[in-house]
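Chemist: Sharing a model that was predicted from the sequence below.
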Amino acid sequence: MNPNENTEEKSGNTAAGKDPDSLSVSVPQSGDTMKRAAAKQLIEKYYYQLTDGCGDPNCQNEYCLSSGDSFTFKDKSKNEMAVQAVQLFRGKAKLCDTKPSKVPRSGESEEFKTESESTPSSSKTQDSELKSQKPSTSQPTSSKTSSASVLSGLSLNSTGKPSSSVMPVKENVKFLTEEKILELIKECKEENSWSKLIRLIGSTYNNPDSLVLSFRKKDDPTLPKEYRRSMEEDSDKDKDDSETVKYPIQETASNEEAAGGDDNVSLDIPSLHRAYDALMKIPDHPFQGALINALMYLSKTVDMDLKFHRPLEVNPHYINLFIIVMEMPLLEYPEFIESAYPEFCKTVGNLPLKAQAKLARVWSKFGADRLESMVQSLHQLITVKIVNNEGRWGRSYSLNDDEGIAGATRVMKILYYACIYGGERDSPERLAEEKAINEPEESLQEMFNVHLQGAVGHEPKELKQQKDDPLAQELGVSAIDCRKPLVDYEEFVNELLNEYIEIETDFKYKIENDKKFSFMNHGFILTTSSKHTCMYFDNRVRMFSERRTSIIQTLMHGLPPVPFLRLRVRRDHLIDDALVSLEMVAMDNPQDLKKQLFVEFEGEQGLDEGGVSKEFFQLVIEEIFNPDFGMFTYSEETRQFWFNPTSFENDGQFTLIGIMLGLAIYNSTIVDVHFPAVVYRKLLGKKGTFQDLIDVDPTLARSLQSILDYAEDDIEEVFGMTFQIGYKDVFGCNLTHDLKEKGDEIFVNQENKKEFVDLYSDFLLNKSIEKQFRAFKRGFHMVTNESPLRVLFRPDEVELLICGSSVKNATDYDGGFTAESPSVRHFWEVVHEFTEEQKRQLLQFTTGTDRVPVGGLAKLKLTIARNGPDSERLPTAHTCFNVLLLPDYSTKEKLQERLLKAITYSKGFGML
């Protein structure tokens, strides 16, 4: 039996859209296995015959539901039907042939009674017509038939695109509307039978033609006449009793846009939601089994259409069926997650790029709550798949090979970019300005690298730049350009998947086979740790490649072999030696910076296996970031460094710092650097804005915000600000700068205050340090220009790569404390002032050990809980749970004295 259809045994309805013969796909086997498979198929047929019948209204088989009054097993439960199916199999009871009219191959299905009453003669005529249309082959033929009906009657213009005229539809193709569903539900309740509803849903959801026509807007000018006529018949229905729209979507601007605009669809989404709400109120959802089987069949049919017929190019409304299915509330149910949902996700993942982009634009209007719900349902699918196959995962069968997981991840990528597309993005003007700044710098850097390599006898090497995601390019969006997406980036990360993923296998799939699925191309689902491992493999492969290139250069040109980036430095001339060595490497062959780093301290015999390099980074960082050195300024308020706009150091020093940070990432070394977050945004090509100023100078940012918030007309008298600003150099001398020409004569008022704040922020974060930061960025990109850094990581994640994560970031608060509580802030200030020995004592006091857990301090989940008001009590700890109980001390000095006493004399345990 096909593993994708293994839940059909559990469903209570026949596969809508399949003959029973096609429900199971046998695999060539032998012996007892083949006999068991055949028996299983027959039992399955008996079960479906008992629960749904054969579809023949004149059936006389007492073991078939379609026989009506002659049916033997009335009022039996599904479980009892399953037992009877086994007994019928043992007794070799009669099996009916399934009627094509029950399961339409090309869109024809029996009209339910409320629409039109068919006479016996017309029914027979229709039956004979359907028999003549029944294909001789199974699914592939039916897929083509369905595709043909989707495309039938569409008049194409000279460009091969559908004309703007009303598109005809094949006769007798059934469709759903809100009114039809409500009317049929009412009728089924009166008859105390849901068979008509089950049949209508099954025959509609297995047919792309039907879904494309279903739930269309009433004012859509491209509607077929038959559809409009049917809707007019239902127009007298009272609409005032409909529920409030659950997931609001923006209204279309015009009917022309509704027919196929980039951001709009012809689907009446509020009506679709109301119809689903009505269906979900039916007890036990009797249509569920038919819907599962219909979606399985639909997925395969649409998949064939997409491969061979390009229906989206011919019929722009074809996108509707994907939205209709993905809005289905039942998708989160275990029965759907088992088979139908992953199968349909696989189909959605196979959509062409332009269709994925349109789907993302449509979903971007659904609102944050709805998108987050869709993301969570996909996480649920992935998690269930992983758990159900827990013993299977390994090198022989990885997560990448599971089509259900891969399909769900592809759909999640569409949602990911929908959240970015609909989020708070940078303006087109700012993006154009950033592009104008970055492109010349990148071109100059590339020309610099190529010319230097050729000048010194090295063959110029083409740089392999990491490409942006094609869907992101199609939509014109990027994660770094969106500060606030509709759904937070962290919500897309699946922790369980990251525990089971084989990064080595995933990396191999990415670089060796484009047809293989790789999570590196879907980095939003990976944790920062997994991304770091991906980049580690990429860096190691590049190191080995450079080592091999060095050997080839030695053989071809007789150059001395240089397999490593070897730095030989003196401790008392560390900066000078490092600067000279790295400058020589950059001038000789910048590609050598991508070799494995090997550091030697002159006069010492230490062999660098990683430890010597770490000490080298630490010493260089400490010296360069010394405020006495004059390259950076230090803020006591933020405890961070910023570029000194009046530094006397040359560009080479700043380039060295950029190279050092690049080498730290490239060689997987964490360095103790304290930059504000805007530095990492700027490294990835962004400009600093007023939103970033809070990290650099919180006091100034609050002052500027107060100007923006002030709404009175006397702003000039109250603030007395002009477009001339003042600042101090490294020696404390006062300097001035005009933000605009004759800025000292232009006062800040209500009309220009926003411009003033933007210009002020731009000067502090960009223009005043333009020379220094350009050199710093150039050095950084000398090492990382071929790295997947920009594609995989967001700015906040780049900061984690360089600096690591502190225990502070992983700490929770309880008992009334928050991260902003005075005692909590005093606690961290005291801890930062501790010696290394005192920090170890604190770790021992809180956790019971002074050892750092595997994965670093970021893996240590510490909780600081409020232990009553200010008192003379000492801090205490629950070492079993890593909980520090801290009284709410009134002063920092008292907290420091009490905490030091507690961690110094902390032998023994007691009961609290």
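Modeler: Structure's in. What do you need?
Chemist: can you pull out the helices in the stretch 451-600 of the chain?
Modeler: In the stretch 451-600 of the chain, the helices defined using DSSP state H, counting those that start in this stretch lie at 470-475, 495-500, 503-512, 528-557, 574-588.
Chemist: what's whatever helix or strand residue 641 lives in in contact with?
Modeler: Secondary structure from DSSP states H and E places residue 641 in strand 640-643. The contact list for strand 640-643 (C-beta atoms under 8 Å, 6 or more residues apart in numbering) reads 625, 631-635, 654, 673-676, 695-696, 769, 772-773, 776. C-beta: built from backbone N, CA, C; applies to glycine.
Chemist: coming back round to it: the helices of the stretch 451-600 of the chain: which one's closest to residue 365?
Modeler: With C-beta to C-beta, the closest approach to residue 365 among those belongs to helix 470-475: 13.7 Å.
Chemist: For that closest one, give the mean pLDDT please.
Modeler: Helix 470-475 shows a mean pLDDT of 92.
Chemist: In that helix, which residues are buried?
Modeler: Across helix 470-475, burial judged by 16 or more other C-beta atoms under 10 Å covers 471-472, 475.
Chemist: ok, so of these, who is nearest residue 570?
Modeler: residue 472 (47.7 Å).
Chemist: Wait, that closest one touches residue 417, no?
Modeler: Yes: counting by C-beta atoms under 8 Å, residue 472 touches residue 417, with 6.1 Å between them.
Chemist: ok, of the buried residues of helix 470-475, which one's closest to residue 196?
Modeler: Looking across those and measuring by C-beta to C-beta, the closest to residue 196 is residue 471, at 41.7 Å.
Chemist: show me what contacts the closest one?
Modeler: 353, 356-357, 360, 413-414, 417.
Chemist: Name the member of those residues with the most neighbours.
Modeler: When neighbours are counted by other C-beta atoms under 10 Å, residue 417 leads those with 28 neighbours.
Chemist: Dump the helices of the stretch 451-600 of the chain into CSV; add distance to residue 487 as well.
Modeler: CSV is the format used below for the helices of the stretch 451-600 of the chain (distance: least, C-beta to C-beta, whole Å):
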stretch, distance to residue 487
helix 470-475, 16
helix 495-500, 16
helix 503-512, 24
helix 528-557, 18
helix 574-588, 42
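Chemist: and of these, who's closest to residue 839?
Modeler: helix 528-557 (23.6 Å).
Chemist: Relative to the whole chain's centre, how far out is the closest one?
Modeler: A distance of 29 Å separates the centroid of the chain from that of helix 528-557, by C-alpha atoms, centre = their mean, to the nearest Å.
Chemist: Kindly report the same for stretch 881-900.
Modeler: With C-alpha atoms, centre = their mean, you get 41 Å for stretch 881-900.
Chemist: Just the terminal-to-terminal distance for that stretch.
Modeler: 21 Å (C-alpha to C-alpha, to the nearest Å).
Chemist: which residues are contacting that stretch?
Modeler: Contacts for stretch 881-900 (C-beta under 8 Å, 6+ apart): 814, 816-817, 821, 823, 826-827, 829-830, 838, 842, 846-847, 860-878, 912.
Chemist: What about those residues, which are in helices?
Modeler: 823, 826-827, 829-830, 838, 842, 846-847 (DSSP state H).
Chemist: Show me just the buried residues among these.
Modeler: Applying 16+ other C-beta under 10 Å to those, the neighbour count classes 823, 826-827, 830, 838, 842, 846-847 as buried.
Chemist: so how far is stretch 269-286 off the chain centroid?
Modeler: From the chain centre to the centre of stretch 269-286 is a distance of 29 Å (C-alpha atoms, centre = their mean).
Chemist: before we move on, what about stretch 73-90?
Modeler: Per C-alpha atoms, centre = their mean, the centroid offset for stretch 73-90 relative to its chain is 46 Å.
Chemist: If you tally nearby residues, what's the number for residue 845?
Modeler: Residue 845 has 20 nearby residues by other C-beta under 10 Å.
Chemist: doesn't residue 876 make contact with it?
Modeler: No: if you go by C-beta under 8 Å, residue 845 and residue 876 don't touch, sitting 9.2 Å apart.
Chemist: any residues in contact with both of these two?
Modeler: Both residue 845 and residue 876 are in contact with residue 902, where contact means C-beta under 8 Å, 6+ apart.
Chemist: What remains of the contacts of stretch 881-900 if I keep only buried residues?
Modeler: Buried among the contacts of stretch 881-900 by 16+ other C-beta under 10 Å: 817, 821, 823, 826-827, 830, 838, 842, 846-847, 860, 862-867, 874-877.
Chemist: give me the low-pLDDT residue ranges for the stretch 401-550 of the chain?
Modeler: 441-466, 513 (pLDDT under 70).
Chemist: redo that, cut-off 90
Modeler: 401, 427-469, 499-500, 503-516, 528-529, 532-550 (pLDDT under 90).
Chemist: need the strands for the stretch 401-550 of the chain, in chain order.
Modeler: 424-425, 482-484 (DSSP state E, counting those that start in this stretch).
Chemist: still on that earlier bit, from the buried ones among the ones in helices among the contacts of stretch 881-900, which two are the most distant?
Modeler: Pairwise over those, using C-beta to C-beta, the maximum falls at 826 and 847, 21.2 Å.
Chemist: Next up, phi/psi of residue 281, please.
Modeler: As for residue 281, its main-chain torsions (degrees, to the nearest 10) stand at phi -80, psi -10.
Chemist: Tell me how far it lies from residue 275.
Modeler: As judged by C-beta to C-beta, to the nearest Å, residue 281 and residue 275 stand 11 Å apart.
Chemist: tell me which residues of stretch 752-766 are tucked away?
Modeler: In stretch 752-766, counting by 16+ other C-beta under 10 Å, buried: 753, 756-757, 759-766.
Chemist: Export it to CSV, keeping only CA atoms.
Modeler: Taking Å, rounded to 0.1, in the frame of the first residue of the first chain, the C-alpha atoms of stretch 752-766 are listed here in CSV:
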residue,chain,number,x,y,z
ASN,A,752,11.1,70.1,9.8
LYS,A,753,11.6,68.2,13.1
LYS,A,754,11.5,64.8,11.5
GLU,A,755,14.1,66.0,8.9
PHE,A,756,16.3,67.3,11.8
VAL,A,757,16.2,64.0,13.6
ASP,A,758,17.0,62.0,10.5
LEU,A,759,19.9,64.2,9.5
TYR,A,760,21.3,64.2,13.1
SER,A,761,21.1,60.4,13.2
ASP,A,762,22.6,60.1,9.7
PHE,A,763,25.5,62.3,10.7
LEU,A,764,26.3,60.4,13.9
LEU,A,765,25.9,56.9,12.6
ASN,A,766,27.1,57.3,9.0
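Chemist: So residue 770: helix, strand or coil?
Modeler: helix (DSSP: H, G, I helix; E, B strand; the rest coil).
Chemist: ranges for the helices of the stretch 651-800 of the chain?
Modeler: According to DSSP H, counting those that start in this stretch, the helices that the stretch 651-800 of the chain contains are 651-666, 677-683, 690-696, 698-709, 715-719, 753-765, 770-784, 789-792, 795-803.
Chemist: Let's have these in a markdown table, adding distance to residue 546 and mean pLDDT.
Modeler: Listed next are the helices of the stretch 651-800 of the chain as a markdown table, based on distance: least, C-beta to C-beta, whole Å; pLDDT from 0 to 100:
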| stretch | distance to residue 546 | mean pLDDT |
| --- | --- | --- |
| helix 651-666 | 11 | 86 |
| helix 677-683 | 23 | 92 |
| helix 690-696 | 36 | 91 |
| helix 698-709 | 43 | 92 |
| helix 715-719 | 57 | 88 |
| helix 753-765 | 36 | 93 |
| helix 770-784 | 12 | 90 |
| helix 789-792 | 17 | 86 |
| helix 795-803 | 21 | 80 |
